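**Student:** next come a sequence and a model predicted from it.
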Amino acid sequence: MLSNLTIKNYRCFEDFHIDSLEQVNLFVGNNNSGKTSLLEAIYLLINLHDKEQTLIEIIYNRNRDFISNKHFYYQITNLFNRYQPNKSRIKANLDCRKIILDFSIKAGVQINLSFETREQGDNADFRFKEQIPLMNNYCLEVQFTDINNDLWIRKEISPYILVYKNNLSFTQMLYMWDKIDLTNKERKIIKALNIIENKLERISFSTLEGYNQVKLKIINEEAPISISNMGEGMYCLLTLALSLVTAENGVLLVDEIETGLHYKAQTDMWRLILETAKELNVQVFATTHSWDCITTFQEALSQVEDRSIGKLFRLDSKYDKLRAVEYSAEDLEIAVEEGIEVR
């Protein structure tokens, strides 16, 4: 489990360090304060053995609205602080992991983005280095055989998951469901969806005749109901619950975790996350803009035996550099009771 993190020259982070990470971590901050970039940096770090695919996945999710003709170009300098192509370093004490992104130009023609990653531990001392060729204008060209599913299909189911705004494709959810179907984890999915519909008893995925849908069986209803008829919140809870149980012994990162959920459902959502994270050994990193999400996080933390399982961090700028201001469960309780703004 990550307990500290250092980021240098990645996107908005010039020289950033954060200590005392917990099992469930909630990040807040102004727009453009670096919350999403922080999740991306962690995601790159924990996927050392699939670096190029992970980077492409991050770029794709940031720019999917601008992709056409099943390919796109991305200016790699956007990954660096102040858009300067210098080395980026992301490191943490998870087995002394480190990832370095750097440019190299050979013979004035060939331009590469180099990955250098290191992993050290009691029984390991690994170093990996590979290069991605770039175009002469520092652009990475990415092509897809299927613009919607190709990124997922080419990647094995992993316990390291990044979710943007509670949004997964049907294919992603189907692959996750196949892994947990008819196991005890299926019950956790039902429990999550019961937050909104307490008469839900079963769930299934259908791909008949090329029509993809998630079906729900409601008590006393003869025919199954499509999840699309149940509102956005149900779909968001399904996304979150599937990702959480799939991330067993791994890491789940969720951007804008409250998306699609009414505040009355958010306390139960946080209870589920705290309980499942502890049970399945999942470290959770989430972001939010919402005061309701913060107060419900605090309420759920106040109800668990070990309140140190969760912590809130505010990304703040001081002397033109980003820093993390931490709030323990006790600090957060005082802030909520006194109405102190922590966002």
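**Tutor:** That came in fine, so what should we check first?

**Student:** toward the C-terminus, what is the element adjacent to the strand or helix carrying residue 313?
**Tutor:** Per DSSP states H and E: residue 313 is located in strand 310-318. From strand 310-318 onward toward the C-terminus, using DSSP H and E, the following helix or strand is strand 321-327.

**Student:** in the chain, where's the longest helix?
**Tutor:** The longest helix of the chain (DSSP state H) is helix 263-280.

**Student:** can you pull the contacts of the spatially closest residue to residue 299 that is not a sequence neighbour?
**Tutor:** Excluding its sequence neighbours, the residue lying closest to residue 299 (Cβ to Cβ, 6 or more residues apart in numbering) is residue 267, at 5.1 Å. (Each C-beta comes from the backbone N, C-alpha and C, glycine too.) By Cβ atoms under 8 Å, 6 or more residues apart in numbering, residue 267 lies in contact with 296, 299, 300.

**Student:** the strands in the stretch 51-200 of the chain, which residues?
**Tutor:** 71-75, 88-92, 98-106, 110-121, 124-134, 139-143, 160-164, 200-206 (DSSP state E, counting those that start in this stretch).

**Student:** among those, which comes closest to residue 337?
**Tutor:** strand 160-164 (31.1 Å; Cβ to Cβ).

**Student:** run through the neighbouring helices and strands of the closest one.
**Tutor:** If you count contacts as 3 or more Cβ pairs under 8 Å, 6 or more residues apart in numbering; DSSP states H and E, strand 160-164 packs onto helix 35-46, helix 51-63, helix 232-246, strand 251-255.

**Student:** which one of those has the poorest average confidence?
**Tutor:** Among these, helix 51-63 has the lowest mean pLDDT, at a mean of 83.

**Student:** related to what we said a few turns ago, what about the residue nearest to residue 299, distance to residue 173?
**Tutor:** 24 Å (Cβ to Cβ, to the nearest Å).

**Student:** I'd like the next helix or strand past the helix or strand containing residue 216.
**Tutor:** Assigned by DSSP H and E, residue 216 belongs to strand 213-218. The C-terminal neighbour of strand 213-218 among helices and strands, as given by DSSP H and E, is strand 225-226.

**Student:** tell me the strands beside that next one, with direction?
**Tutor:** strand 213-218 (antiparallel) (DSSP bridges).

**Student:** could you check the partner strand and say which residues are buried?
**Tutor:** 214, 216, 217, 218 (16 or more other Cβ atoms under 10 Å).

**Student:** what's the closest of those to residue 196?
**Tutor:** Closest to residue 196, out of all of these and judged by Cβ to Cβ, is residue 216, at 10.5 Å.

**Student:** quick one, what contacts the residue lying closest to the closest one once chain neighbours are set aside?
**Tutor:** Among residues not flanking residue 216 along the chain, residue 225 sits closest, at 5.1 Å (Cβ to Cβ, 6+ apart). Residue 225 sits next to 215, 216, 217, 218 when contact means Cβ under 8 Å, 6+ apart.

**Student:** show me where the protein dips below the pLDDT cut-off.
**Tutor:** For the chain, the stretches with pLDDT under 70 are 64-70, 94-95, 105-110, 119-128, 144-156, 209.

**Student:** burial measure for residue 187, as a count.
**Tutor:** 11 (other Cβ atoms under 10 Å).

**Student:** ok, now how distant is it from residue 238?
**Tutor:** Residue 187 sits at a distance of 14 Å from residue 238 (criterion: Cβ to Cβ).

**Student:** mind listing what's buried along the longest helix of the chain?
**Tutor:** Within helix 263-280, the residues that count as buried by 16+ other Cβ under 10 Å are 265-274, 276-277, 280.

**Student:** report how many residues lie close to the residue nearest to residue 307 when sequence neighbours are not counted.
**Tutor:** Once flanking residues are discounted, residue 307 sits nearest to residue 329: 3.8 Å by Cβ to Cβ, 6+ apart. Close neighbours of residue 329, defined as other Cβ under 10 Å, add up to 20.

**Student:** try residue 330
**Tutor:** The number of residues packed near residue 330 is 12, by other Cβ under 10 Å.

**Student:** so which strand or helix has it?
**Tutor:** helix 329-338.

**Student:** centre of the chain to that helix, how far?
**Tutor:** Relative to the centre of its chain, helix 329-338 is centred 26 Å away, using Cα atoms, centre = their mean, to the nearest Å.

**Student:** alright, I will stop here.
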